[in-house]
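Chemist: build me a model:
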Amino acid sequence: MTYTDTIELLKECDSGTKMAVATFDEVLEHVSDSKLQDLLCESKKHHEKLGNEVHELLNKHHSDGMEPTPMAKGMSWLKTNVMLNMNENDATIADLVTDGCNMGVKSLHKYLNHYQGADQPSRNLCKRLASIEAKLSEDLRAYL
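Modeler: Just a heads-up that it's a prediction; the model follows:
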């Protein structure tokens with residue numbers, strides 16, 4: 001159970017980091033405020049770093065990562081593009097990313113509860129990812 005839970009938790013973290021990076025890539029070109037741009041770029045780097053750590057742990061367990069589901073990617077892309085087409089400004093971007101962060105935090109805690117047998121390094125990584133998401137959500141409040 002521990003091995004399976006560890007792999008599944010890491011796969012969910014992998015999917016989440018990929019989803020976050022894709023979102024940053026979608027919205028960064030639309031940001032006008034330099035401080036918001038810096039905040040999102042820094043968060044993208046954190047997510048990429050954690051994604052690399054996830055891959056190291058998955059490789060250690062001889063497992064592959066997991067792509068976000070096509071449905072999740074499609075819905076995210078659609079929501080982002082519709083909202084930006086309706087109102088392309090920093091508040092809209094902050095709102096979109098905040099929603100993603102909140103969804104990420106919720107999902108990560110759900111996975112932590114579901115995969116209770118996961119090893120401690122994987123659980124810690126998942127908690128760090130949730131913490132980064134929560135912090136970004138808080139930092140974005142100034143732009144809403």
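
Chemist: this protein: helices as residue ranges?
Modeler: 2-27, 34-60, 70-86, 90-114, 120-139 (DSSP state H).

Chemist: which of the ones you listed is buried the deepest?
Modeler: Across the helices of the chain, the average number of neighbours (mean count of other Cβ atoms under 10 Å) peaks for helix 2-27, which reaches a mean of 20. For every residue, glycine as well, the C-beta is placed using N, CA and C.

Chemist: elements contacting it?
Modeler: Contacts defined by 3 or more Cβ pairs under 8 Å, 6 or more residues apart in numbering; DSSP states H and E place helix 2-27 against helix 34-60, helix 70-86, helix 90-114, helix 120-139.

Chemist: which residues touch the residue most central in space within the chain?
Modeler: Centroid-nearest residue in the chain, with Cα atoms, centre = their mean: Ala20, separated by 3.6 Å. Contact analysis of Ala20 by Cβ atoms under 8 Å, 6 or more residues apart in numbering lists 43-44, 47, 100, 104, 133.

Chemist: now for those: which two are most distant?
Modeler: Maximum pairwise distance among the contacts of Ala20 (Cβ to Cβ): 13.6 Å, between Lys44 and Gly104.

Chemist: could I have the CA atoms of stretch 11-22 written out in PDB?
Modeler: Extracted C-alpha coordinates of stretch 11-22, given in PDB (Å, rounded to 0.1, in the frame of the first residue of the first chain):
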ATOM      1  CA  LYS A  11       1.700  11.500 -10.000                       C
ATOM      2  CA  GLU A  12      -0.900  13.900  -8.700                       C
ATOM      3  CA  CYS A  13       1.700  16.400  -7.700                       C
ATOM      4  CA  ASP A  14       3.400  16.000 -11.100                       C
ATOM      5  CA  SER A  15       0.100  16.700 -12.800                       C
ATOM      6  CA  GLY A  16      -0.500  19.700 -10.600                       C
ATOM      7  CA  THR A  17       2.900  21.300 -11.300                       C
ATOM      8  CA  LYS A  18       2.400  20.800 -15.000                       C
ATOM      9  CA  MET A  19      -1.000  22.400 -14.900                       C
ATOM     10  CA  ALA A  20       0.300  25.300 -12.900                       C
ATOM     11  CA  VAL A  21       3.300  25.900 -15.300                       C
ATOM     12  CA  ALA A  22       0.900  25.700 -18.300                       C
END
